[in-house]
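In: My questions are about this predicted structure, shown below with the sequence.
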Amino acid sequence: QVQLVESGGGLVQAGGSLRLSCAASKTTFGIVTMGWFRQAPGKQRELVALINQNGVANYADSVQGRFTISRDNAKNTVYLQMNSLKPEDTAVYYCNSHVVVIGAFRSEYDYWGQGTQVTVSS
């Protein structure tokens, strides 16, 4: 079982920056895509950014150009640099690890962190 531990959330004024980190408890074998999701009160969880093992990233339109996702495979860690934060970015941010194992059968697993609160004041 892989555990994901997030850190770096907090309270920041609009226009400010925060950096989230997510460390996996152990190396996961397989094709691993890391990502950040967020969930605001009363809303569904939504994708923020994904990054594959080769470092190719994809972003939600709402954060494109403001957020940057990166990963350090040697440290089993993924980061989310958030700049020019807006009040609408306020949410609990969750780290996700999506693992695909291809052998005799194809298996997929999802691991989630406990979430870290990000609050942006206006």
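Out: Yep, that arrived. Numbering: from 1, shown residues only.

In: what's the pLDDT at the residue nearest to Lys43 when sequence neighbours are not counted?
Out: Distances taken as Cβ to Cβ, 6 or more residues apart in numbering put Ala91 closest to Lys43, at 7.9 Å, once the chain neighbours are dropped. (Glycine included, C-beta is placed from N, CA and C.) Model confidence at Ala91, given as pLDDT, is 98.

In: Now do the contacts for Ser97.
Out: If you count contacts by Cβ atoms under 8 Å, 6 or more residues apart in numbering, Ser97 has them with Val2, Leu4, Ala24, Thr28, Val32, Thr33, Met34, Gly35, Asp110, Tyr111.

In: What distance do you get for the residue nearest in space to the middle of the chain to Val5?
Out: A centroid search over the chain (Cα atoms, centre = their mean) returns Trp36, at 2.1 Å, as the residue closest to the centre. To Val5, Trp36 is 14 Å away according to Cβ to Cβ, to the nearest Å.

In: From Trp112, how far off is Tyr94?
Out: Relative to Trp112, Tyr94 is positioned 6 Å away (Cβ to Cβ).

In: what about those two, which has more around it?
Out: The residue with more neighbours, out of Tyr94 and Trp112, is Tyr94; 21 against 15, by other Cβ atoms under 10 Å.

In: And the helices in this protein, which stretches?
Out: Assigned by DSSP state H, the helices in the chain number zero.

In: which parts of the helix or strand bottoming out on mean pLDDT in it are buried?
Out: One helix or strand of the chain scores below all others by mean pLDDT, DSSP states H and E: strand 106-112, with a mean of 92. Neighbour-count burial for strand 106-112 flags Tyr111 (criterion: 16 or more other Cβ atoms under 10 Å).

In: Restrict it to CA atoms and write it as CSV.
Out: Listed in CSV are the C-alpha atoms of strand 106-112, where the atom choice follows Å, rounded to 0.1, in the frame of the first residue of the first chain:
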residue,chain,number,x,y,z
ARG,A,106,-3.6,-5.0,-17.1
SER,A,107,-4.2,-3.6,-13.5
GLU,A,108,-4.8,-0.1,-12.4
TYR,A,109,-4.6,1.4,-9.0
ASP,A,110,-5.4,4.8,-7.5
TYR,A,111,-3.8,6.2,-4.4
TRP,A,112,-4.9,9.5,-2.7
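
In: Good, wrapping up.
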